[in-house]
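Chemist: need a 3D model of the sequence below.
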Amino acid sequence: MMLLIAMISLPPRSGAATSSASQDLAKLCDEYWQGYLQTYPTYATSLGDKRYDNRLDDITPAGIAKETRRLESALARTNAIDAAALSPGERLTRTALLTEVEDQLAWISCKFWEWAVDPRTGPQVDFMNLPDYTIIDSPADAASFVERCRAMGPYFDDTVANLRSGLAKGKAAPRDAVAATIDQLDRLIATPAESLALWKPVTVERKEWSPADRERFAKDMRSAIQTALQPALGRYREFLKTSVLPVARPPEKAGLSALPDGPECYKKMIRVHTSLDMTPDDIHRLGLEQVAIVRRDLAQLGQKVLGTSNIAEIQQRLRGSPEMFFKTSAEVEAKAKETLARAQAAVPGWFGIQPKARCELKVMGMHEAPYSTIAYYRGPSADGKRPGYYMVNTYLPETRPRYEAEALAFHESVPGHHLQIAIAQELTGIPEFRKHLGVTAYVEGWALYTERLADEMGLYSSDTDRLGKLSFDAWRSCRLVVDTGLHAKGWSRQQAIDYMTQNTLLAPNNIVNEVDRYIATPGQALAYKLGQLEILKLRDEAKRRLGQRFDIKAFHDAVLGNGAVSLPVLHEQIEAYIVAAGVEK
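Modeler: Numbers count the residues shown, from 1 in each chain. Modelled structure (predicted):
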C-alpha cells in the first residue's frame with residue numbers, strides 16, 4: 001500500500017493527465033473530509049466547526065451502512081487516481097487517504113458496537129465532556145447544544161439496540177467493564193440536572209444575552225436532561241444490569257480471542273493502530289525483549305537512587321512509601337502546571353517548527369476521573385479559539401506517584417502530544433484530513449519518544465523522576481506483552497494485571513485502569529512502543545549518516561512536518577531528509 005519508494009522512479013506523465021489527477025485528488029480529499037465531519041459531528045465541534053453542533057453520530061444499522069458505502073466509494077475513487085500523474089507530495093496524500101479509508105473500513109468490519117461497554121470512553125463519559133470543547137456564543141449556539149442533548153436519549157436507545165444485536169450473536173462485553181459502567185450510570189442518574197457536567201454552559205455569564213435568552217437556555221437544558229437524557233440513562237443501566245451483566249465475559253475471557261471472529265479482528269487492529277504487518281507472536285516476543293532491557297535499566301538506576309538493584313525491592317520502596325505520593329489534589333495540579341511551564345520554556349532549543357496554539361492544564365471532572373487513566377490530551381480547536389488541554393486526573397491524590405508526574409506531563413503535553421498535534425493542525429499546503437487524522441503509532445510513538453527526549457533536554461528534576469521515566473518505558477513495553485496476551489493468547493485480566501505489577505513501578509489503581517483500557521480498545525496499546533522504536537531507529541540512522549551535519553531541530557521538523565503518517569511513510573520521509581542534508585544512499 002505504501003507508494004513512496006516506487007514513486008521516485010515513476011515516469012512523468014503529460015501535463016493534462018497530471019492536472020486532472022491532481023484535481024481529482026484534491027476534490028476527493030475535500031469530499032472525504034467533509035463527509036468525515038458529518039459522520040462524526042462531535043469531532044467537528046472539537047475542531048471549532050459549528051455546522052453540526054446539534055447532532056450526534058448515527059450509530060443505527062442504517063447509519064453504519066451509509067458510512068460504509070461512503071468509505072467504499074472513497075477507496076475505489078482513490079485507487080482509480082493514477083499515482084504516476086501526481087507530484088511527490090500528492091502521492092503522499094493519496095497514500096495517506098488510502099490508509100485512513102482502509103483503516104476505518106477495517107474498524108467497521110469488527111463491529112465493536114455490538115459488544116463494547118466502556119466506563120472510560122463510553123457515551124456516558126463522552127457526552128459529559130462536550131461542554132469542555134463546545135463553543136456557545138449565541139442563543140442559536142445554545143439551541144444547538146440543547147438539541148444535541150435531546151438527541152442523547154435516542155442515542156442511548158440505539159446503543160442498547162446494537163448491544164442486543166451482539167448478544168444474539170454470542171457477543172458480550174467483559175464483566176468488569178459492565179459493572180464499572182453500571183456504577184458510573186448510578187452516579188449520573190443520582191446527580192441533579194444542575195450538577196451534571198452538561199449543565200456547565202448554562203452557568204457561564206454572557207452579558208450580551210438578554211435575561212430571556214438566559215432563562216430560555218436554562219429551561220430548555222433542564223427539560224432536555226430530565227425528559228431525554230436521564231430516562232435514557234436509566235434504560236441503558238437497566239439493560240446492562242438485566243441483559244448484559246448476567247452473560248458478560250468473565251475476567252478469564254476478557255480478550256478478543258474469546259469472541260467470534262476475534263482473532264481475525266485483532267490482526268486487523270494491529271494493522272490499523274501500528275501501520276505494520278506484524279503478527280501477535282512477533283509483537284509478544286519483542287515486548288518480552290523490551291521488558292528485559294528496561295528491567296536492566298531500572299536495576300541500575302535503582303541502585304543509584306535507592307541503594308538496591310532488586311526490582312521487587314525498588315517497587316516496594318516506591319509503592320510503599322507515602323512520601324512518594326501526592327497528598328492533595330492541589331499538589332497534583334500544581335506539579336503538572338509547573339512541569340508544563342518548564343517544558344514550554346525549553347522547546348525553542350530543540351524544535352524549529354513550533355505551534356501557535358498554546359497548551360493549558362485542565363483537571364478532569366468527577367464524571368470520568370474515578371474510571372479514567374492518570375491523564376490525557378485534548379487537542380485545540382482548528383480555529384484557534386480553544387487551546388490544547390493537558391487533562392490531569394487529581395482523583396485520590398494519595399494514589400498518584402510523584403515520581404511519574406514529570407514523564408506523564410512530557411508525554412501528554414509538551415514536547416509530546418500538544419507539540420505534535422498542534423503543529424499538524426497548523427501545517428499548510430496539505431489537505432485538511434492530514435492535519436487532523438493519522439496513524440496511532442505515529443501519534444503515540446512520538447509522545448513516548450519525547451519522554452526520553454525530555455531527559456536530553458534537561459527537564460527531569462531528579463534521578464527519582466528518571467525512575468518514573470523508566471517505569472513508563474517499562475509500562476509501554478509491557479503493553480506489547482499484555483495486549484497480545486489478552487487478545488491472541490487467551491490471557492485473563494488478572495494475568496495482565498499481575499504482569500504489569502511485576503514489571504513496572506506503576507501504582508496498582510493505574511494498572512487496573514490500564515488493563516481494562518487494553519481490553520476495551522484492542523491493538524491501540526501496541527502503538528506506543530512500536531512507534532517510539534521506529535523514531536529512535538530513524539534518528540540513529542540519521543545521526544550515523546549525517547555525522548556532524550546532524551541537527552536535532554531539523555530532524556524533529558522532518559518528523560513533524562507531514563502530519564501523523566504511517567511508520568513506513570515516516571521512514572521514507574526521514575530518508576528524504578537525510579538525502580536532502582547531503583548524504584547519498
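
Chemist: all strands for the protein, in order.
Modeler: 359-363, 375-378, 388-392 (DSSP state E).

Chemist: including mean pLDDT, could those go into a markdown table?
Modeler: Output for those, formatted as a markdown table (pLDDT from 0 to 100):
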| stretch | mean pLDDT |
| --- | --- |
| strand 359-363 | 96 |
| strand 375-378 | 94 |
| strand 388-392 | 96 |
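
Chemist: deepest of those, which one?
Modeler: strand 388-392 (a mean of 25; mean count of other Cβ atoms under 10 Å). For glycine as for every other residue, the C-beta is placed from the backbone atoms N, C-alpha and C.

Chemist: any idea how far the closest residue to Ser492 other than its chain neighbours is from Leu486?
Modeler: Nearest in space to Ser492, with sequence neighbours left out and distances taken as Cβ to Cβ, 6 or more residues apart in numbering, is Glu252 at 4.4 Å. Using Cβ to Cβ, to the nearest Å, Glu252 is found at 11 Å from Leu486.

Chemist: do the same with Pro280
Modeler: With Cβ to Cβ as the criterion, Pro280 and Leu486 are 10 Å apart.

Chemist: you'd agree Ala180 is up against Pro119?
Modeler: Yes: with contact defined as Cβ atoms under 8 Å, Ala180 counts as touching Pro119 (4.0 Å).

Chemist: any residues in contact with both of these two?
Modeler: 371, 516 (Cβ atoms under 8 Å, 6 or more residues apart in numbering).

Chemist: neighbour count: these two, which is higher?
Modeler: Pro119 (25 against 20; other Cβ atoms under 10 Å).

Chemist: hmm, Tyr371 and that one touching each other?
Modeler: Yes: counting by Cβ under 8 Å, Pro119 does reach Tyr371; the two are 4.1 Å apart.

Chemist: overlap in contacts, those two.
Modeler: 125, 180, 184.

Chemist: tell me how far the ends of stretch 406-425 are from each other?
Modeler: Start-to-end span of stretch 406-425 (Cα to Cα, to the nearest Å) is 26 Å.

Chemist: distance from the chain centre to stretch 533-545, please.
Modeler: 25 Å (Cα atoms, centre = their mean, to the nearest Å).

Chemist: give the buried residues for it.
Modeler: The neighbour-count criterion (16 or more other Cβ atoms under 10 Å) identifies 533-535, 538-539, 542, 545 as the buried residues of stretch 533-545.

Chemist: which residues sit against that stretch?
Modeler: 290, 441, 445-446, 449, 452, 550, 555, 559, 567, 570-571, 574, 577-578, 583.

Chemist: number of residues surrounding Arg187?
Modeler: 13.

Chemist: and the pLDDT for it?
Modeler: Listed pLDDT for Arg187 reads 95.

Chemist: can you pull the contacts of it?
Modeler: Arg187 neighbours (Cβ under 8 Å, 6+ apart): His367.

Chemist: what about it, distance to Gln124?
Modeler: 10 Å.

Chemist: overlap of the contact sets of the two?
Modeler: Contacts common to Arg187 and Gln124, judged by Cβ under 8 Å, 6+ apart, are His367.

Chemist: what's the nearest residue to Tyr236 if we skip its chain neighbours?
Modeler: Tyr236's closest residue in space is Phe156 (Cβ to Cβ, 6+ apart), at 4.6 Å.

Chemist: per-domain residue ranges of this structure.
Modeler: Using automatic domain parsing, the domains assigned to the chain come out as 4-110, 123-249, 267-531.

Chemist: isn't Lys489 right next to Ile283, touching?
Modeler: No: using Cβ under 8 Å, Lys489 is not in contact with Ile283; the gap is 10.9 Å.
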